[in-house]
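Participant: build me a model from this:
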Amino acid sequence: MSDIDKLKSTISKKGGLAKSNRFNVMFTPPSGGLFNFNLQGIISSAISGNYNPKNLVNDPRDIALLCDSVSIPGKQISTIEQQTLREIVKIPYGCITDDVSLSFLLTNDYYIKNMFDTWINSIVDKDKYCVAYKKDIVTDVIIQQLDEQNTPIYGVKLEAAFPVSMSEIALSNESQNTISRLNVSFAYDRYVPEGALSSTGSLIKSALSIFG
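Facilitator: The predicted model follows:
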């Protein structure tokens, strides 16, 4: 058997190759970002004919559908160097995780942008510059890799996540057919790798949390 045949056999045995465009993201914003009571936005949507009462609640399913890219975070082991009798060796003492960036498609009601505006403003009050308690501004973010049947095959849960940066939105007369996007970076306390069943359970729990 040639190497290519062995490769094809291994891929087939493992259920095929994972595709980077098959993913799901789910999170429920904390109470400050859960409800959309932006009066100016509601009036603007009503005037333009885009108003929908369902937009008063930022549905996690809508958030998942409008997220068009995300990364499963990596992890790096922190080490220190120690001199032994004959050589220098590395000793692990901790780990480092990177912030996670998510990209969202923007709709004409700008509800993703409004949601993150509300969320970020609840973290640091823009008038009084008072900082909220962390427990009031965090949520768990579930990221899943899906197979061709949209079944989770791997997932991670970002515990106590919150947005730390929100990108600019570039507007230009030369971008007639370009869709506006918003990039948001999340920090988190830790991430927990999850299998198919545990990740599905976390996803259901996150979806149900909207009902309290």
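Participant: give me the below-cutoff pLDDT ranges for the protein.
Facilitator: Across the chain, residues meeting the criterion (pLDDT under 70) sit at 1-2, 31-58, 207-212.
Participant: at 50 what do you get?
Facilitator: 32-33 (pLDDT under 50).
Participant: can you give me the strands for it?
Facilitator: For the chain, the strands defined by DSSP state E cover 23-26, 67-70, 75-83, 88-97, 100-105, 139-146, 152-166, 181-187, 190-194.
Participant: redo these as CSV? Include mean neighbour count and distance to Ile4.
Facilitator: In short, each C-beta sits where N, CA and C put it, glycine included. Shown next, in CSV, are the strands of the chain (neighbours: other Cβ atoms under 10 Å; distance: least, Cβ to Cβ, whole Å):
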stretch, mean neighbour count, distance to Ile4
strand 23-26, 21, 28
strand 67-70, 17, 31
strand 75-83, 10, 33
strand 88-97, 10, 37
strand 100-105, 18, 35
strand 139-146, 22, 25
strand 152-166, 19, 24
strand 181-187, 17, 39
strand 190-194, 16, 31
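Participant: most centrally placed residue in this structure?
Facilitator: Leu102 (5.1 Å; Cα atoms, centre = their mean).
Participant: what sits against it?
Facilitator: By Cβ atoms under 8 Å, 6 or more residues apart in numbering, Leu102 lies in contact with 25, 67, 69-70, 183-186.
Participant: mind running it again at 10 Å?
Facilitator: 25, 27, 63, 66-71, 141, 143, 163, 182-186 (Cβ atoms under 10 Å, 6 or more residues apart in numbering).
Participant: list the beta-bridge partners for it.
Facilitator: Taking DSSP bridges as the rule, Leu102 bridges to Val70, Val184.
Participant: what's the separation between it and Cys67?
Facilitator: Counting by Cβ to Cβ, to the nearest Å, the gap from Leu102 to Cys67 is 6 Å.
Participant: farthest from the middle of this protein: give me that residue.
Facilitator: Max distance from the centre of the chain (Cα atoms, centre = their mean): Leu85, 47.0 Å.
Participant: returning to what we had before: shared neighbours of Leu102 and Cys67, anything?
Facilitator: Applying Cβ under 10 Å, 6+ apart, one finds that Leu102 and Cys67 are jointly contacted by 25, 27, 143, 184.
Participant: out of those, who's nearest Val192?
Facilitator: Nearest to Val192 among those: Ile143, at 11.0 Å, using Cβ to Cβ.
Participant: give me the distance between the closest one and Ala64.
Facilitator: Taken as Cβ to Cβ, the span from Ile143 to Ala64 is 10 Å.
Participant: identify the contacts common to those two.
Facilitator: With contacts taken as Cβ under 10 Å, 6+ apart, Ile143 and Ala64 have 23-27 as neighbours in common.
Participant: relative to Lys205, which of the residues you listed is nearest.
Facilitator: Nearest to Lys205 among those, counting by Cβ to Cβ, is Met26 at 9.6 Å.
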